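Trainee: fold the following and give me the result.
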Amino acid sequence: MGMPLEYIKSDLGRYIGQDNVNIKNIVNYYIRSISFRFSFWFRLCQSKNKIIKVIAIFNHRRLSRKYMLDIPRNTKIGYGLYIGHGGSIVVNPTTVIGDNVNLSQFTTIGSNYGKAATIGDNVYIGPSVCIVEDVVIGNESKIGAGSVVTKDVDSNSVYVGVPAKKVKTIEYNDLVVRRYTSKDKK
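Mentor: Modelled structure (predicted):
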């Protein structure tokens, strides 16, 4: 994993655009956005500085309980995490999440037996989606609201329903906006 500050900046850029990321906007969105505040402390849990890490773990736990954002601090999440609307998200700690992923409210990514899902880059996960067990969610895919994913999701696809089924092939996921790219790294 890279430096926590790069991850924090990439997460904020998903909310306001990468060109608008500065210290003033970090403070502003920290105050205004529950979702960004949570991801801020989640990222700082990876700090090598022991004092910062202890403070981050405390705040991560506090916000997890307060806002029902159960994303364990050891979950591997790439750059540009966007938590839409916050509230009631559960992610298994064995989940691996790529860059520029949107997590919506009431999403569950879990596993009863071992490893949970691997989610690619530029993926939109709609509200009330359940992703069950060790499935792979391909890059540039969309999972519609209320879907239950029990099998792998192809890249460049739209899946909906219970159980989720492919309904469309797409070139580009237009629901993942203000993407963080490697050129944004400073």
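Trainee: what's the spacing between the residue sitting nearest the centre point of the chain and residue 3?
Mentor: Residue closest to the mean C-alpha point of the chain, counted by CA atoms, centre = their mean, is residue 81 at 4.1 Å. From residue 81 across to residue 3, the span is 15 Å (CB to CB, to the nearest Å). C-beta coordinates here come from the backbone N, C-alpha and C atoms, glycine included.
Trainee: ditto for residue 25
Mentor: 19 Å.
Trainee: residue furthest from the geometric center of this protein?
Mentor: Max radial position in the chain (CA atoms, centre = their mean) goes to residue 51, at 25.4 Å.
Trainee: for residue 43, the count of nearby residues, please.
Mentor: 25 (other CB atoms under 10 Å).
Trainee: what is the helix or strand hosting it packed up against?
Mentor: Take DSSP states H and E as the rule and residue 43 turns out to sit in helix 34-44. Applying 3 or more CB pairs under 8 Å, 6 or more residues apart in numbering; DSSP states H and E, one finds that helix 34-44 contacts helix 4-16, helix 23-32, helix 50-67, strand 82-83.
Trainee: name the nearest residue to residue 116, ignoring sequence neighbours.
Mentor: Distances taken as CB to CB, 6 or more residues apart in numbering place residue 92 nearest to residue 116, at 3.6 Å, with adjacent residues excluded.
Trainee: circling back to that earlier point, with neighbour numbers in mind, choose between residue 25 and residue 3.
Mentor: residue 25 (18 against 13).
Trainee: these two touch, right, that one and residue 12?
Mentor: Yes: shown here, residue 25 and residue 12 form a contact pair, counting by CB atoms under 8 Å, at 6.5 Å.
Trainee: where does the protein dip in pLDDT?
Mentor: Residue ranges of the chain with pLDDT under 70: 1-2, 183-186.
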